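**Student:** Here is a sequence with its predicted model. Questions after.
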Amino acid sequence: MHEDALKLHDLWRKDIARDKLLEESRGLKAKIVDRTAAVEQSTTKLSAATDNLTRLKGKEREANRKAATYTKRRDTAQRSIDQGLATDYVAAEDQIRQCGEILDQVETLQLELMESVEAAAELLERSTMTLALNKSQVIASQKAYDDRYPTLKNEFDAASKLRNAARQDIWKDLIQRYDELRKKRRPAFADIRNDSCTGCNVKINATDLSNHRRAAELVTCRQCGRLLGEFL
Ligand SMILES: [Zn+2]
């Protein structure tokens, strides 16, 4: 293999090692962002659950008040009949009947509300737990980042030094081509198998094959532009 190819391949390996550290750092940061967003989301849900429970409890109180009012009204009418104090018996009986109908409706509503309040309270409890869990995950992901950061930074600085040193040794035009390839696709290299580029499967012409075999020059695939060599 051509000397330039070996040098570029060495640079490539160093770049990959450096990229991995960068990715690790990005991954750790992304986790914090992700968990923080989850906290915001669960805070919103918790607030909605709290509002919902408050609203339902308000309705429940209202229904209870209504039930108390009509119970009292019915009992008063009943007492006036029982004690012979009613001025208009028919009207009093009518009132008892009407109050009874309303109380039936209120009772149904009260039962429904009781179930809704219970469900809302459960949701609130779950939301509270989710929020607490998400908060602890933010702390954990921040800690994971903080714990790893000093060594990660050292490793990254060392990898950058190695990579920069490897670049010094390579002809500028080649570095430029290599950088362009890396920007466009990864990896920047491909093997030659069955006289074809493993990157794009296009046949390599005889001259290029010959140059490659004699290590006369660093051969580039004319189709996909990858640097060719037995690297992979
Ligand atoms: Zn190719």
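**Tutor:** Perfect, thanks for sending it. Just so it is clear, the structure is predicted and the values come from calculations on it, not from any experiment.
**Student:** so where is the chain shaky, pLDDT-wise?
**Tutor:** Regions of the chain meeting the criterion pLDDT under 70 cover residues 185-186, 231-232.
**Student:** How about the residues of this structure by the ion?
**Tutor:** C197, G199, C200, C221, Q223, C224 (CB under 5 Å from the ion). Yep, even glycine has a C-beta here, placed from its N, CA and C like the rest.
**Student:** Name only those of these that count as buried.
**Tutor:** Neighbour-count burial (16 or more other CB atoms under 10 Å) applied to the residues of the chain next to the ion gives C197, G199, C221, C224.
**Student:** ok, what's across the strand from the first one?
**Tutor:** Meaning C197. Counting by DSSP bridges, C197 forms beta bridges with I192.
**Student:** Surely it touches R226?
**Tutor:** Yes - with contact taken as CB atoms under 8 Å, C197 and R226 are classed as touching, separated by 6.4 Å.
**Student:** Can you pull the residues that touch both of the two?
**Tutor:** Shared between the contact lists of C197 and R226 (criterion: CB atoms under 8 Å, 6 or more residues apart in numbering) are residues A190.
**Student:** Export stretch 41-57 to PDB, keeping only CA atoms.
**Tutor:** Once non-C-alpha atoms are left out, stretch 41-57 reads as follows in PDB (Å, rounded to 0.1, in the frame of the first residue of the first chain):
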ATOM      1  CA  GLN A  41     -43.200  18.000  30.700                       C
ATOM      2  CA  SER A  42     -44.100  16.200  33.900                       C
ATOM      3  CA  THR A  43     -44.300  19.600  35.700                       C
ATOM      4  CA  THR A  44     -46.900  20.700  33.200                       C
ATOM      5  CA  LYS A  45     -48.800  17.400  33.600                       C
ATOM      6  CA  LEU A  46     -48.700  17.700  37.400                       C
ATOM      7  CA  SER A  47     -50.000  21.200  37.300                       C
ATOM      8  CA  ALA A  48     -52.900  20.100  35.000                       C
ATOM      9  CA  ALA A  49     -53.600  17.200  37.300                       C
ATOM     10  CA  THR A  50     -53.700  19.500  40.300                       C
ATOM     11  CA  ASP A  51     -56.000  21.900  38.600                       C
ATOM     12  CA  ASN A  52     -58.300  19.100  37.500                       C
ATOM     13  CA  LEU A  53     -58.500  17.600  41.100                       C
ATOM     14  CA  THR A  54     -59.200  21.100  42.500                       C
ATOM     15  CA  ARG A  55     -61.900  21.700  39.900                       C
ATOM     16  CA  LEU A  56     -63.600  18.300  40.600                       C
ATOM     17  CA  LYS A  57     -63.400  18.800  44.400                       C
END
